[in-house]
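1. Okay, structure incoming, though there's no sequence with it:
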Ligand SMILES: NC(=O)C1=CN([C@@H]2O[C@H](COP(=O)(O)OP(=O)(O)OC[C@H]3O[C@@H](n4cnc5c(N)ncnc54)[C@H](O)[C@@H]3O)[C@@H](O)[C@H]2O)[C@@H](O)CC1
Ligand SMILES: [K+]
């Protein structure tokens, strides 16, 4: 598991480490600067030689070595302090370094001030930020150390404009986070042009070097697509102490006392493999005492819509079967029976006309996971969802099963139980949680801004069940505060996953995992992670039908 922190959590950890006497703020800043320099040379090894580029001839014909050049843009806080460290270290490596400062040197916080003075004391020059002209400035690397986790208000237009311009022309390195982006929400905190209402280009970098832990913003919102490559460098903070401080005991034995609301995790393959390795023992426990058949892998029921609309449910069903549900049945209205029967082989089919038919079918307790929504139709959803929820099986509600309650979300919330998983995309989320969505979509005026993590957590609390809020930054929250991000960014980017029917397959994946005995949070996290892996495995050109078919290869590669 990889922890994602808020700016406040990171500041608390740093402060506690400093207060404990284990380390000084100056030492942390030095390690941060050192980490940035190392990351730059790892990213661009061609820069290691400080004498870069062709050596121009002097008028007398003697070859003159051309030095590598860096421009460092420093801000008024400790992020600027990191910038001064980097400037000094690059100069020590033989680089020519130019520093621009936004702010008053006499007002720098103590550690940044010390590094400002070290830089000046070593012969370094500091120019006011107003003189920085990105178009006239030549450098092998630009460093953005203007704002980091302390960004608390909108960034003025003139600074934002220059940062945006510099970012497109050279190797642009963001120290901690691209300046102007909120570390908690990943939102753009650049002031809008009041006259035209136009916003400036979002800050962006080719490389972002952050310290010890990634922040939420590195994985959600516009920031997650603006950081280029993110490298997380170790600045020597004690992980156990940090986790203890934030309320999540490091020792898994004492996990019961953990404050789950404290830390958001980045779901990764280590977490996934833990889930699968416990699966068999879980199934033993869950099933062997019940019906004596420990090899049962569950039986999922996916409800389908009427004729011409059955494709979505068939996609979901295929996903549920491939991911490991032992049996998958499609519940089909009589009018669509022929259509579905002619298109399925390993799936089973049962007629489900309306609520009564569903209730009758659900008297078979072996049906342990349900999926309603894909292609279901609003009317059929209003009819079937209450019946399905009365039977308290693990249930995924997606698409029409969510939109069908847009005019009465409280009615739906009143019926939900703790083994439900809601899988809305942005539009469905807004229909069910209009007030939360409004807060999320409001143009922020200060930091830290309300984020997708905040929104999904609030929604899960209100619904009383797991909410999976889709996107390249899928956020999954449990009412008890547990929350994780399934990030399809950086090396996991799979933009071709945004294709018709892809969400139906995801609903099926989660349903299949529920059928196999995964708890709702684990099923949602695992399903979402595998969904992206399947897309990555196939690559561009993917259509939804391809997704379930990648699972065997993905499992094989994972060693499952
Ligand atoms: N000792 C520590 O706490 C360490 C901090 N580190 C660095 O310090 C950064 C956090 O430092 P700070 O908390 O000082 O915060 P920042 O350096 O991110 O910025 C805070 C400063 O910017 C001003 N400010 C905020 N929003 C503004 C806006 N829109 N326009 C103009 N000014 C604005 C604030 O008034 C304050 O002066 C991290 O991102 C990281 O780079 C690292 O050096 C590691 C150690
Ligand atoms: K920065």
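-> Sure, I can see it. Here the structure is a predicted model, which is why all the values come from computation and not from measurement. Ligands and ions are numbered 1, 2, ... in the order given.
2. counting contacts, what elements does the one helix or strand residue 547 maps to pack onto?
-> Residue 547 is part of helix 546-558 when elements are defined by DSSP states H and E. Applying 3 or more Cβ pairs under 8 Å, 6 or more residues apart in numbering; DSSP states H and E, one finds that helix 546-558 makes contact with helix 269-283, helix 311-323, helix 502-515, helix 520-538. Backbone N, C-alpha and C define where each C-beta goes, glycine included.
3. if you compare the ones you listed, which one is most tucked away?
-> Among those, judged by mean count of other Cβ atoms under 10 Å, the one packed with the most neighbours on average is helix 502-515 (a mean of 30).
4. Show me what that one is packed up against.
-> strand 299-303, helix 311-323, strand 367-372, strand 394-397, helix 399-403, helix 520-538, helix 546-558.
5. from the middle of its chain, how far away would the second one be?
-> The one in question is helix 311-323. Relative to the centre of its chain, helix 311-323 is centred 25 Å away, using Cα atoms, centre = their mean, to the nearest Å.
6. What of the last one?
-> Once both centres are worked out by Cα atoms, centre = their mean, helix 546-558 turns out to sit 22 Å from its chain's centre.
7. Equivalent analysis for the first one, please.
-> The offset between the C-alpha centroid of strand 299-303 and the centroid of the whole chain comes to 29 Å, using Cα atoms, centre = their mean.
8. likewise the fifth one?
-> Between the centre of helix 399-403 and the centre of its chain there are 24 Å (Cα atoms, centre = their mean).
9. ok, the residue of the chain found nearest ligand 2 - contacts?
-> Closest approach between the chain and ligand 2, counting by Cβ to the ion: residue 179, at 4.2 Å. By Cβ atoms under 8 Å, 6 or more residues apart in numbering, residue 179 lies in contact with 73, 75, 79, 144-148, 151, 155, 159, 163, 203.
10. So which of those residues are in helices?
-> Using DSSP state H, 79, 159, 163 are the members of those that sit in helices.
11. What is the neighbour count of the first one?
-> Read it as residue 79. Close neighbours of residue 79, defined as other Cβ atoms under 10 Å, add up to 25.
12. Repeat that for residue 5.
-> So residue 5, with other Cβ under 10 Å, has 25 neighbours.
13. Give the rounded mean pLDDT of stretch 123-136.
-> What stretch 123-136 shows for mean pLDDT is 94.
14. I'd like to know which of the helices and strands packed on helix 502-515 is closest to residue 15.
-> When these are compared by Cβ to Cβ, helix 520-538 sits nearest residue 15, at 31.3 Å.
15. Tell me, what's the model's pLDDT at the residue nearest to residue 191 when sequence neighbours are not counted?
-> Counting by Cβ to Cβ, 6 or more residues apart in numbering, residue 191 lies nearest to residue 154, which is 4.2 Å off, once chain neighbours are set aside. On the pLDDT scale, residue 154 is placed at 92.
16. Now for residue 154, how many residues are close by?
-> With neighbours defined by other Cβ under 10 Å, the count for residue 154 comes to 18.
17. cool, and the one 3 residues further on?
-> Other residues lying near residue 157 total 15 when counted by other Cβ under 10 Å.
18. show me the contacts for the closest residue to residue 78 other than its chain neighbours.
-> Among residues not flanking residue 78 along the chain, residue 112 sits closest, at 5.2 Å (Cβ to Cβ, 6+ apart). Applying Cβ under 8 Å, 6+ apart to residue 112 gives the contacts 29, 77-78, 80-81, 84.
19. measure residue 227 to residue 309 for me?
-> 41 Å (Cβ to Cβ, to the nearest Å).
20. Looking at those two now, which is surrounded by more residues?
-> Neighbours per residue (other Cβ under 10 Å) separate residue 227 from residue 309, with residue 227 holding more: 27 against 18.
21. near ligand 1, which residues of this protein?
-> Residues of the chain lying close to ligand 1 by Cβ under 6 Å from any ligand atom are 14, 25, 28-29, 32, 75-82, 109, 111, 147-155, 175-176, 211, 235.
22. OK, now which residue of the stretch 151-300 of the chain is nearest to ligand 1?
-> Going by Cβ to the nearest ligand atom, ligand 1 is nearest to residue 176 of the stretch 151-300 of the chain, at 3.7 Å.
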